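**Student:** For reference, the sequence and a predicted model appear below.
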Amino acid sequence: MDAAVFREPKRRFIAIDSPAGDGEMAALDFGPADRAVDVVFVHANGFNAQTYRALLAPLSAGLRVLAVDQRGHGDSRLAADPDGRRSWLDLRDDLLGLLKALDQAPVVLAGHSMGATVSLLAAAQAPGKVSSLVLLDPVIMPRLVALYAKAPWTSGRLWKRMPIAQAAGRRREVFDSREAAFAAYRGRGAFKTWPETMLADYVGGGFKDRPDGKVELACTPAWEASNYAAQGHDPWRAVSQFRGPVRILAAEHGSTCRIGDGGAFARRGKAVKIETLAGTSHFLPMERPDLVREAILDAAT
């Protein structure tokens, strides 16, 4: 691809109808506007579309990529009430609303972490709308755990006590500036392996300006925590319903794709390919963007 034809993305707001509540989904639109969308990219919990700008921009030389802000994230104008949530089916329904609004030929759905799982859930309910899936370390629990999380007698209180959910709920929400947030995150915690460019993009798209001059997280700690706790959906069933190719890139260390050797999960789908990327963590799009771009390009061409 020729770097000279890379294009900066355009910000869009797309009206969607969703059982979770109608509104406008924000998106970054990479590539030629006169081309149908080739790829819809869906971010991880707590992140935003802009986080993946450096990953996706090179694809705009030959593809049109729409990176979306999910409900409760980034610039999307969709109500986000964390109370009583049991699953990611609200996020699935939002994505289905987006696919309906696009009203075009089937697209590749690609996503990271929660965004990967939401993409799988949506693809299972959207025959004729999705050609294939590229899932980057999706959140998939062992089958028995997934069934327990989905059972009607589980209240969700157990999942709210998970350390990752409780830690998310305690996140610092307000900083003096985006520069202060960047300095606080740089080289620490989950951001240790991130290139500075991607961290800057995460901060750029992940905070909102306040009237007092400070900035606050666009994805509130309560909403982020609710996403960790809301596990009453079933990706195992979804992969058996989707009839297109599925490519999973899993992390070698700290993966959230907990499906053993992958054989049982792969056999449920029509054409499921699972690869573990050596030396990567859950943040593999930040660590190996070259391999992720290659996988998306292969799926879209």
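**Tutor:** Happy to help now that I have it. Residues are numbered from 1 along each chain as shown.
**Student:** Give me the residue ranges of the stretch 101-250 of the chain where confidence is low.
**Tutor:** Counting by pLDDT under 70, the ranges of the stretch 101-250 of the chain that qualify are 153-160.
**Student:** Quick one: the helices in it, in order.
**Tutor:** 114-124, 143-150, 157-160, 163-169, 178-185, 196-206, 221-229, 235-241 (DSSP state H, counting those that start in this stretch).
**Student:** Which secondary structure elements does the fourth one sit against?
**Tutor:** What that stands for is helix 163-169. helix 221-229 (3 or more Cβ pairs under 8 Å, 6 or more residues apart in numbering; DSSP states H and E). (Each C-beta comes from the backbone N, C-alpha and C, glycine too.)
**Student:** residues touching Asp83, list them.
**Tutor:** Residues counted as contacts of Asp83 (Cβ atoms under 8 Å, 6 or more residues apart in numbering): none.
**Student:** no wait, Arg92
**Tutor:** For Arg92, the contact set (Cβ under 8 Å, 6+ apart) comprises Val118, Leu121, Ala122, Gln125, His233.
**Student:** picking up where we left off before, for the helices of the stretch 101-250 of the chain, give me a markdown table that also has distance to Asp34 and mean neighbour count.
**Tutor:** Below are the helices of the stretch 101-250 of the chain laid out as a markdown table (distance: least, Cβ to Cβ, whole Å; neighbours: other Cβ atoms under 10 Å):
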| stretch | distance to Asp34 | mean neighbour count |
| --- | --- | --- |
| helix 114-124 | 26 | 28 |
| helix 143-150 | 42 | 15 |
| helix 157-160 | 45 | 14 |
| helix 163-169 | 41 | 15 |
| helix 178-185 | 34 | 16 |
| helix 196-206 | 26 | 20 |
| helix 221-229 | 36 | 22 |
| helix 235-241 | 33 | 20 |
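**Student:** and of those helices, who's closest to Thr276?
**Tutor:** Thr276 lies closest, by Cβ to Cβ, to one member of these: helix 114-124, at 14.8 Å.
**Student:** Could you find the closest non-adjacent residue to Gly97?
**Tutor:** Ile16 (3.4 Å; Cβ to Cβ, 6 or more residues apart in numbering).
**Student:** Any figure for the gap between the residue in the chain sticking out farthest from the centre and Phe175?
**Tutor:** Within the chain, Asp212 marks the point farthest from the mean C-alpha position, 30.8 Å out by Cα atoms, centre = their mean. Noted for Asp212: a distance of 12 Å to Phe175, by Cβ to Cβ, to the nearest Å.
**Student:** Stretch 186-201 spans what distance, first to last residue?
**Tutor:** End-to-end span of stretch 186-201 (Cα to Cα, to the nearest Å): 12 Å.
**Student:** Which residues outside it are in contact with it?
**Tutor:** 50-55, 182, 185, 202, 281, 283, 286-287.
**Student:** can I get those residues in JSON lines with secondary structure and distance to Arg268?
**Tutor:** Converted to JSON lines, the contacts of stretch 186-201 look like this (DSSP: H, G, I helix; E, B strand; the rest coil; distance: Cβ to Cβ, whole Å):
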{"residue": "Gln50", "secondary structure": "helix", "distance to Arg268": "34"}
{"residue": "Thr51", "secondary structure": "helix", "distance to Arg268": "30"}
{"residue": "Tyr52", "secondary structure": "helix", "distance to Arg268": "28"}
{"residue": "Arg53", "secondary structure": "helix", "distance to Arg268": "34"}
{"residue": "Ala54", "secondary structure": "helix", "distance to Arg268": "34"}
{"residue": "Leu55", "secondary structure": "helix", "distance to Arg268": "29"}
{"residue": "Phe182", "secondary structure": "helix", "distance to Arg268": "42"}
{"residue": "Tyr185", "secondary structure": "helix", "distance to Arg268": "38"}
{"residue": "Tyr202", "secondary structure": "helix", "distance to Arg268": "33"}
{"residue": "Ser281", "secondary structure": "coil", "distance to Arg268": "26"}
{"residue": "Phe283", "secondary structure": "coil", "distance to Arg268": "27"}
{"residue": "Met286", "secondary structure": "helix", "distance to Arg268": "29"}
{"residue": "Glu287", "secondary structure": "helix", "distance to Arg268": "28"}
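**Student:** Make TSV from the residues you listed and add distance to Leu96 to it.
**Tutor:** Output for the contacts of stretch 186-201, formatted as TSV (distance: Cβ to Cβ, whole Å):
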residue	distance to Leu96
Gln50	23
Thr51	23
Tyr52	21
Arg53	25
Ala54	28
Leu55	24
Phe182	35
Tyr185	33
Tyr202	26
Ser281	30
Phe283	27
Met286	28
Glu287	31
